[in-house]
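**Q** Quick one, structure for this:
(2 chains)
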There are 2 protein chains.
Amino acid sequence: MKAAGIVVEYNPFHNGHLHHARSAKESSGADILIAVMSGQFLQRGEPAFADKWKRTEMALASGVDLVIELPYVYATAQASDFARGAITLLDAIGCESFCFGSEQGNIDPFLKSRQLLNSKNLLYQQEIHDAIQSGISYPKALNKAYQTVTDGEEGVADLSKPNNILGYHYIEAADRISSSMRPLTIQRIGANYHEPITEGMSIASATGIRNAFFEGGSIKELAKYLPAPSLQALQSFAGEYGHFGSWETFYPMLRYTILKDRPANLRRFAEVTEGIENLIYEAARKEQDFESFLALVKSKRFTRTRIQRMLTHIYTGFTWEQLKSFNQPSYLRLLGMTKAGRHYLHAQKKNITLPMISRAADLTDDLGKLDIHASSLYMLGMGAGNLKKEFTTPPIYFG
Amino acid sequence: MKAAGIVVEYNPFHNGHLHHARSAKESSGADILIAVMSGQFLQRGEPAFADKWKRTEMALASGVDLVIELPYVYATAQASDFARGAITLLDAIGCESFCFGSEQGNIDPFLKSRQLLNSKNLLYQQEIHDAIQSGISYPKALNKAYQTVTDGEEGVADLSKPNNILGYHYIEAADRISSSMRPLTIQRIGANYHEPITEGMSIASATGIRNAFFEGGSIKELAKYLPAPSLQALQSFAGEYGHFGSWETFYPMLRYTILKDRPANLRRFAEVTEGIENLIYEAARKEQDFESFLALVKSKRFTRTRIQRMLTHIYTGFTWEQLKSFNQPSYLRLLGMTKAGRHYLHAQKKNITLPMISRAADLTDDLGKLDIHASSLYMLGMGAGNLKKEFTTPPIYFG
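**A** Numbering: from 1, shown residues only, chains lettered A, B, ... in the order given. Coordinates of the predicted model:
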């Protein structure tokens, strides 16, 4: 039984994801598809639009056979750590291949870029360092260094594109852990990540779908961008919580904790650096809504994503000390499975190299406790007072 | 021009307070009445029912000439520090006398008790220490030690009664700072502090009034217990905020910060002692409403008031370190005045021994910054996002 792995957020699961899932299965020739999915907080430093259980339902209903939770530490980390956590889990669960969507659409340039950067690593690191010193953001610095190092080379990946960057980090991560997984990529189709929804398109980005919704769209209007089970799951989620997750919803509590902690304590939280704590504190004193607040904090030095990650860590109380204490994923938290997924787990038991956790009560190490902690604070931010859900929700079975 | 001082919370200002204000002025023979009033958090460890500005309006409309804010550090402290802060301010503003309500109703027993405890201080302290060691609450330990020390003595104050206890602390505080203020007391009439409102009574306790309201009473039903200006001020407050202040209202944010901070960080906050941080954390994980939460935290060792003070400090982020760093009040924050009050301030300028602060922007020392901080977090707990109010509200003038 062959499994292909994918790394996802499904925030929410839309037609583009359906295409990716199908293509991953086809191109890999795998029997089943395994997704490592972020939990309640995402890589862009945002609370999830819908909780991890609803997003698991969407995935299982649309072609994914197993959903494994990417722990908070990796799910909210910068690209290289995000990729390392996810690839480690796909490797641990025995995937024969992994497949990511990219603007590039061809795996060879990634492999060539990896080889090149590996052989010129010292130069590359120096270039990154110099670029950061010049005051630009980390992603821009990476790209600048990459341009310099690959100058004149043919057939390298275009790492100015967001999905290519992430894809490169998967390749790098797999290389670093000497994984035997076969890397695959498929061309991303349809909406560019930053494009708004336009009439007649049946593929839109998750960001576009969320924005359309927050700008007053109804769930039904989004029907053409979503598989039917996603639509149902979102409707059920909205019925349960009364609203979707966003920083606007979480802002009163975020603001409260920023003001309570004051700059001196804000400095303790992961990714909060270089005096930005004062800016964050003063902006929170002034502004009553999240976008106005963020506008005061943003600068050339930090991307929105980077700032949002700081805010996520401030919100959950995740410190530099904690960040430095985690080395690698220590478990596979099973969020859901299809019949085929269950069969795979049974058949492959001996080849799975990390403990498989089905119940939150079994998350007893610090990494796992942090997942429960972050999930609780997500629930509170959503206005949901019953924190038992994490403990009473078994892996979702889609038979 | 003679001033009498009183120490108040006015949470909210009711007919009993009106009686107290009038009697204080009469019995002291003073020309004007000065109230030192708690700000946004109270000595029972609760957010104020109505904010300090509305409570100032109520006071000025019903016989008080000057309202001075008791800083957060003292307003939320145990009785002896609360009394020390308040008496220091009344002394600094030049009061000729101070007057408190008591069950005793006669000042001599307080003076005798003070003299006795002063002369037997070592024994008294030892008895308190032993009683606490036996596992009873601090107020009970005080009372037990007091019984032992005054055994066989005639004409001492009955310090089993809540207002007598507070009164004793005022006397003690005035003695300690060698104040020349003349101490006075008046008999408390009407509702016992813990009695619920019953039909036909025109005096009810502030607790009774708040509870009647939270149990579904309308503001109008409470009309017979409140002077007309208090009723108006409460109606206006409810119109502005949509609700009154209580721990139930603040609980979602309190719960969030408890869960975020986890036991290890909760220990940092003032009055959090002896492993109770684990109890607080576990109770917050389980319970969705404040009363259920508190029921899990309460024990023989700690009174409700003591626990609520811990929660106030957790909510505002006030630490043991901060608690220990404050020695005595450093300013007189003017919340409001009548014409007579303004005249007094002008005439007595040279006899006022602490800086008089009329604008929040002039609160530049740590004690004052803490008042602004606590006030901001009160506003957020109330769901009021505009934090400028502290800076844009001048002292209220009632002409």
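**Q** Find the centremost residue of chain A, please.
**A** Closest to where the C-alpha atoms of chain A average out (CA atoms, centre = their mean) is A:Gln43, at 4.0 Å.
**Q** Flag every residue of chain A that's near chain B.
**A** Proximity of chain A to chain B (CB under 8 Å from any CB of the partner chain) is limited to residues A:252-253, A:255-257, A:259-262, A:265, A:285-286, A:288, A:315-317, A:373, A:376-377, A:380-381, A:383, A:385-387. All C-beta spots, glycine's among them, are computed from the backbone N, C-alpha and C.
**Q** Which strands or helices does the longest helix seen in chain A pack on?
**A** Counting by DSSP state H, the longest helix found in chain A is helix A:247-266. The helices and strands touching helix A:247-266, judged by 3 or more CB pairs under 8 Å, 6 or more residues apart in numbering or on different chains; DSSP states H and E, are helix A:276-286, helix A:290-297, helix A:304-316, helix A:366-381, helix B:247-266, helix B:366-381.
**Q** and those helices as CSV, adding mean neighbour count?
**A** Below are the helices and strands packed on helix A:247-266 laid out as CSV (neighbours: other CB atoms under 10 Å in any protein chain shown):
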stretch, mean neighbour count
helix A:276-286, 18
helix A:290-297, 16
helix A:304-316, 23
helix A:366-381, 21
helix B:247-266, 20
helix B:366-381, 21
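**Q** For A:Lys140, find the nearest of the ones you listed.
**A** Closest approach to A:Lys140 among the helices and strands packed on helix A:247-266 (CB to CB): helix A:304-316, 11.1 Å.
**Q** Give me the mean pLDDT for the following helix or strand past that closest one.
**A** Sequence order places helix A:320-325 as the next helix or strand after helix A:304-316, per DSSP states H and E. Mean per-residue pLDDT for helix A:320-325: 95.
**Q** Which positions in helix A:320-325 come out as buried?
**A** In terms of neighbour count (16 or more other CB atoms under 10 Å in any protein chain shown), helix A:320-325 has its buried residues at A:Gln322, A:Leu323.
**Q** give me every residue that touches the nearest residue to A:Gly368 once chain neighbours are set aside.
**A** Take A:Gly368 and drop its neighbours on the chain: the residue closest to it by CB to CB, 6 or more residues apart in numbering or on different chains is A:Tyr331, 6.1 Å away. The contact partners of A:Tyr331, by CB atoms under 8 Å, 6 or more residues apart in numbering or on different chains, come to A:Leu354, A:Pro355, A:Met356, A:Ile357, A:Leu363, A:Asp365, A:Leu367, A:Gly368.
**Q** correct me, but the third one touches A:Leu332?
**A** Yes - at 5.0 Å, A:Met356 counts as touching A:Leu332 under the criterion of CB atoms under 8 Å.
**Q** higher neighbour count, those two?
**A** A:Leu332 (22 against 16; other CB atoms under 10 Å in any protein chain shown).
**Q** same for the helix or strand of chain A with the lowest mean pLDDT, what does it pack against?
**A** One helix or strand of chain A scores below all others by mean pLDDT, DSSP states H and E: helix A:206-214, with a mean of 84. For helix A:206-214, not one helix or strand is in contact under the criterion 3+ CB pairs under 8 Å, 6+ apart.
**Q** residues of it that come out buried?
**A** For helix A:206-214, the neighbour count (16+ other CB under 10 Å) marks A:Ala206, A:Thr207, A:Gly208, A:Ile209, A:Arg210, A:Ala212, A:Phe213 as buried.
**Q** circling back: so where does the residue lying closest to the residue nearest to the centre of chain A once chain neighbours are set aside fall, helix or strand?
**A** Of all residues not flanking A:Gln43 in the chain, A:Phe82 sits nearest, at 5.3 Å (CB to CB, 6+ apart). For A:Phe82, the host element (DSSP H and E) is helix A:79-92.
**Q** Check which helices and strands that helix is in contact with.
**A** By 3+ CB pairs under 8 Å, 6+ apart, helix A:79-92 packs against strand A:3-8, strand A:32-38, strand A:66-70, helix A:72-75, helix A:162-176.
**Q** So which of these is nearest B:Gln104?
**A** helix A:72-75 (58.6 Å).
**Q** quick one: secondary structure of the residue of the stretch 201-350 of chain A found nearest chain B?
**A** Distances between the stretch 201-350 of chain A and chain B by CB to the nearest CB are smallest at A:Gln288, namely 3.7 Å. Classification of A:Gln288 by DSSP: H, G, I helix; E, B strand; the rest coil places it in coil.
**Q** for it, what are its contacts?
**A** Taking CB under 8 Å, 6+ apart, one finds B:Gly385, B:Asn386 in contact with A:Gln288.
**Q** Sketch out the low-pLDDT regions of chain A for me.
**A** By pLDDT under 70, the weakly predicted segments of chain A are A:190-201, A:217.
**Q** And the residue lying farthest from the centre of it, how far from A:Pro109?
**A** No residue in chain A sits farther from the centre than A:Gly152, which is 33.1 Å out by CA atoms, centre = their mean. Separation of A:Gly152 from A:Pro109 (CB to CB, to the nearest Å): 15 Å.
**Q** what about stretch A:23-40, how long is it end to end?
**A** With CA to CA, to the nearest Å as the measure, stretch A:23-40 spans 26 Å from end to end.
**Q** Tell me the buried residues in that stretch?
**A** Buried, per 16+ other CB under 10 Å, within stretch A:23-40: A:23-25, A:28, A:30, A:32-40.
**Q** Next: stretch A:161-175.
**A** Those would be A:161-174, for stretch A:161-175 by 16+ other CB under 10 Å.
**Q** Determine how far it lies from the middle of the whole chain.
**A** Centroid separation between stretch A:161-175 and its chain, computed with CA atoms, centre = their mean, to the nearest Å, is 13 Å.
**Q** that's a strand at the residue farthest from the centre of chain A, yeah?
**A** No - assessed with three-state DSSP, A:Gly152 is coil; it does not lie in a strand.
**Q** Could you report the distance from it to chain B?
**A** 51 Å (CB to the nearest CB, to the nearest Å).
**Q** who's in contact with the residue lying closest to A:Phe214 once chain neighbours are set aside?
**A** Distances taken as CB to CB, 6+ apart place A:Ser246 nearest to A:Phe214, at 6.3 Å, with adjacent residues excluded. Contacts of A:Ser246 were listed using CB under 8 Å, 6+ apart, and they are A:Glu46, A:Pro47, A:Phe49, A:Arg210, A:Phe214, A:Phe290.
**Q** Tell me who's in contact with the fourth one.
**A** Residues near A:Arg210 by CB under 8 Å, 6+ apart: A:Asn11, A:Pro12, A:Phe49, A:Phe244, A:Ser246.
**Q** which of those tops the neighbour count?
**A** A:Pro12 (28 neighbours).
**Q** what about it, distance to A:Leu18?
**A** Taken as CB to CB, the span from A:Pro12 to A:Leu18 is 12 Å.
**Q** Residue in the stretch 51-200 of chain A with the shortest distance to chain B?
**A** Closest point on the stretch 51-200 of chain A to chain B, by CB to the nearest CB, is A:Tyr72, at 13.6 Å.
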